[in-house]
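[1] Predicted model, plus sequence, below.
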Amino acid sequence: MKKLFIQTGLALAITTAMTPMVLAQETQATITAETATLSDQDADAVAVQIANSAAPEVLDPGLKLEQLIEDFEYSAAGQAFRSRPGMFYTTATAWVMGTPESRDWGNARVMAYKEALLKAQAKYIESLGVSIMAESMTKLYKDPTQMPQFSPEELRAPNKLLEMLDKAVAVTGGKLDNELRELGIDPEEFNAAPREKKALLFERSVSERTVTRARQSLTGVIPVKSWEAYDENGNHAVAVAIVASERFRQFVYDVTHSKGDLAPDPSKALSMPLIDMLRKDRSALLNDFGIRRMYDEQGYPVLVSFGQSSNPYRGSEPQRRADERELSYAAARADAYANFAYLFNSTGSSEQSTGRSMKRQTLGLVRAEGREVTESEQETMAFVQTIDREISARGSVSNLPGTRELFRWTATHPMHGHEINGVVYLWHPLVEQNARQLRDFKPTRNSQSGQANERPANQAGSSQSRNLMSADDF
C-alpha cells in the first residue's frame with residue numbers, strides 16, 4: 001500500500017511539473033502562428049517600410065548651400081564680414097546647368113559661379129538705390145446676356161458646305177482624306193468637329209505688377225568666399241559671397257592711380273611664396289573663382305585673379321587634345337582678365353518685371369452639331385505669375401600695367417573626371433613699377449659715338465605668399 005502511494009505521488013509530481021512546459025509550448029506555438037498570420041497579411045506594408053528605410057536620403061544642394069552659408073556667417077571670419085561697420089556683405093546661389101555627363105559641364109560650372117556673382121552684385125546695386133513702380137487692379141464682371149448664339153444663316157450655310165464637301169470627297173475617291181492625314185488631321189474628326197462659340201459671362205480677378213530698376217557702380221566689389229554642394233545624381237549648385245567698403249574702394253583707386261607706389265604692410269607678410277602656396281594643392285584651385293587681394297612675403301598688397309575652363313575633348317588623339325587644351329587656356333585667360341576689369345572700373349544694372357494674377361471666370365459655350373445647338377457654362381480658376389529679370393555688369397580698364405601670368409594648371413575633377421584647365425594672374429605694385437619703366441624707356445645718345453648707350457633693364461624681384469582675405473582689409 002505504501003509503495004502504491006509513493007508511485008502515485010511520483011506520477012502526480014511528474015505530471016504537475018510537465019504541465020507548465022506543455023502550456024508554454026502551446027502558447028509559443030499560438031504566438032508563432034499568429035505572428036505568421038500577421039506577417040502574411042502585412043507583408044506588402046513591411047516590404048515598403050523596409051525599402052523606404054533602406055533608400056538613401058537625397059541631398060538637396062540648395063538647402064545644403066544655405067547651411068554652409070549659415071555656418072560661415074556664424075564663424076569668426078563670417079561675423080567679421082557681416083558685423084564690420086560700413087561694410088556691405090551678401091551671398092547668392094545658382095545651379096549648374098546640366099549634369100556631369102555633358103562634355104561642357106566644367107564650363108557650365110564656371111558659368112554658374114558667374115550667375116551667382118551677378119545675383120549678389122544685383123543685391124549690392126539695389127541696396128545703393130532702386131527705382132520701383134507697382135500697380136495693382138481687381139475686377140468683378142457679370143453679364144449673362146453675353147451667352148453666344150448661332151444665327152439661322154450660320155446653321156444653314158455649313159450644311160450646304162458639308163454637302164458639297166461630301167460630294168467632292170466622293171468624286172475624288174478619298175484624296176482629300178489623304179491630304180488631311182498628311183497635315184496631321186484626322187478626316188473623321190475634321191468632318192465631325194462641331195462649331196463652337198465662347199463668351200465671358202463672369203470674372204473675378206486681382207492682379208499686381210511690379211517693376212524694379214537699379215544701376216550703380218560695381219567698382220571695388222569683390223568676392224571673398226564661394227561654396228559648392230551636390231547630390232547623388234550629379235546636380236551641383238554654387239554660392240558666392242561678396243563684400244564692398246569705402247576702404248577697399250580706396251585701395252582699388254590707389255591701385256589704378258598710384259603707378260605702383262604702394263607701401264607694404266609688414267604685419268601681413270607671410271614666409272611662403274604665393275606661387276608655392278597655390279600650386280601645392282590643385283584640388284583647391286578647382287574651387288577658386290574670381291579675384292582676391294592678398295599679400296606677399298614683404299607685406300606688399302597684390303591682386304590674384306583666377307580663371308578656369310574645361311577641355312571638352314574625350315578622345316585619344318594627342319594633337320586634338322592639345323588644341324582643345326590650348327583653347328581652354330585661352331578662355332581661362334580671358335576669364336582672369338575680366339576679373340580685373342570688373343574690379344577696377346565697372347557698372348552694373350538690374351531690372352525685373354513681376355506680374356501676378358488670380359482669376360476666376362465663367363465662360364458661356366454654345367456648340368452646333370448640324371442643326372442641333374447646345375449651351376453650357378465652363379468655370380475656370382488660375383493663378384499666373386510672370387517674371388522677366390535681367391542683370392548685367394560691364395567693366396573696362398585701359399592700358400593696365402603690372403599684370404602677368406603667375407602659372408597655368410591642369411587638374412582632373414575628382415568626382416566626374418573632366419579635365420579642367422586654369423590660369424592664375426597676378427597684379428603686383430613692383431611689377432607695375434617695372435612695367436612702367438620698361439614701357440617708358442627712352443634711350444640716351446652718346447655724344448662721341450652717336451650711338452645709344454645700352455642700359456640694363458630695371459628688374460624688381462619678389463616672391464609671393466598666400467594670405468586669405470581678412471575683414472581688416474576693408
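    Nice, thanks for sending it over. What you are looking at is a predicted structure, and each value in this text was computed from that prediction instead of being measured.
[2] What's the first helix or strand after whichever strand or helix holds Lys119?
    Using DSSP states H and E, Lys119 falls within helix 105-128. The C-terminal neighbour of helix 105-128 among helices and strands, as given by DSSP H and E, is strand 131-142.
[3] quick one on the thing from earlier: can you pull the buried residues of the helix holding Lys119?
    By 16 or more other Cβ atoms under 10 Å, the buried positions in helix 105-128 come out as 105-110, 112-126. (C-beta placed from N, C-alpha, C; glycine too.)
[4] what does stretch 381-401 give?
    Ile391, Ala393, Gly395, Leu400, Pro401.
[5] what's it in contact with?
    With contacts defined as Cβ atoms under 8 Å, 6 or more residues apart in numbering, stretch 381-401 is touched by 118-119, 121-122, 218, 256, 260, 338, 340-361, 427, 432, 435-436, 439.
[6] switch to 6 Å and redo it
    Residues outside stretch 381-401 that contact it (Cβ atoms under 6 Å, 6 or more residues apart in numbering) are 118, 121-122, 218, 341-342, 344-360, 432, 435-436.
[7] how far is that stretch from where the chain is centred?
    Distance, stretch centre to chain centre, for stretch 381-401: 15 Å (Cα atoms, centre = their mean, to the nearest Å).
[8] now stretch 316-336
    Distance, centroid of stretch 316-336 to centroid of chain: 25 Å (Cα atoms, centre = their mean).
[9] Bridged to the nearest residue to Trp427 once chain neighbours are set aside, which residues?
    Nearest residue to Trp427, sequence neighbours excluded (Cβ to Cβ, 6 or more residues apart in numbering): Leu303, at 4.1 Å. Counting by DSSP bridges, Leu303 is bridged to Arg293, Trp427.
[10] so how far is Gly402 from Leu303?
    Distance of Leu303 to Gly402, given as Cβ to Cβ, to the nearest Å: 9 Å.
[11] overlap in contacts of the two?
    Residues within reach of Leu303 and of Gly402 at once, by Cβ under 6 Å, 6+ apart, are Trp427.
[12] in the stretch 301-450 of the chain, which spans are helices?
    Taking DSSP state H, counting those that start in this stretch as the criterion, the stretch 301-450 of the chain carries its helices at 318-344, 429-439.
[13] And the residue nearest the centre of this structure?
    With distances taken as Cα atoms, centre = their mean, the residue of the chain nearest its centroid is Trp95 (1.8 Å).
[14] Quick check: that one touching Ala237?
    Yes. Contact criterion Cβ atoms under 6 Å: Trp95 and Ala237 qualify, at 4.8 Å.
[15] Ile291 versus the residue nearest to the centre of the chain, what's the distance?
    Remark: distance between Trp95 and Ile291 (Cβ to Cβ) = 23 Å.
[16] before we move on, what about Ser131?
    Relative to Ile291, Ser131 is positioned 30 Å away (Cβ to Cβ).
[17] Can you pick out the residue with more neighbours from the two?
    Ile291 (21 against 11; other Cβ atoms under 10 Å).
[18] Let me see the backbone angles for the closest residue to Asp265 other than its chain neighbours.
    Nearest non-adjacent residue to Asp265, counting by Cβ to Cβ, 6+ apart: Gly299, 4.4 Å away. When quoted as degrees, to the nearest 10, the phi and psi of Gly299 stand at phi 90, psi 10.
[19] quick one: low-confidence ranges for this structure?
    1-58, 156-177, 180, 185-194, 370, 446-469, 471-474 (pLDDT under 70).
[20] mind redoing it with 50?
    Low-confidence segments of the chain, defined by pLDDT under 50: 1-27, 29-36, 38, 55, 450-452, 458, 460-466.
[21] Could I get the full set of strands for it?
    According to DSSP state E, the chain carries its strands in the segments 87-95, 131-142, 195-217, 222-230, 236-245, 290-295, 301-311, 346-369, 372-395, 403-412, 419-427.
[22] hmm, back to that, quick check: the residue nearest to Trp427 touching His428?
    No. Contact criterion Cβ under 6 Å: Leu303 and His428 do not qualify, at 8.1 Å.
[23] For Arg320, give me its contacts.
    Tyr313.
[24] Tell me the spacing between it and Arg314.
    Distance, Arg320 to Arg314, by Cβ to Cβ: 10 Å.
[25] cool, Ser245 as well?
    From Ser245 over to Arg314 (counting by Cβ to Cβ), the distance is 45 Å.
[26] okay, the two: which has more neighbours?
    The neighbour comparison of Ser245 against Arg314 (other Cβ under 10 Å) goes to Ser245, with 21 against 11.
[27] Please name the bridge partners of the more buried one.
    Assessed by DSSP bridges, Ser245 has beta-bridge partners Met87.
[28] wait, it sits on Arg84?
    No. Counting by Cβ under 6 Å, Ser245 does not reach Arg84; the two are 7.6 Å apart.
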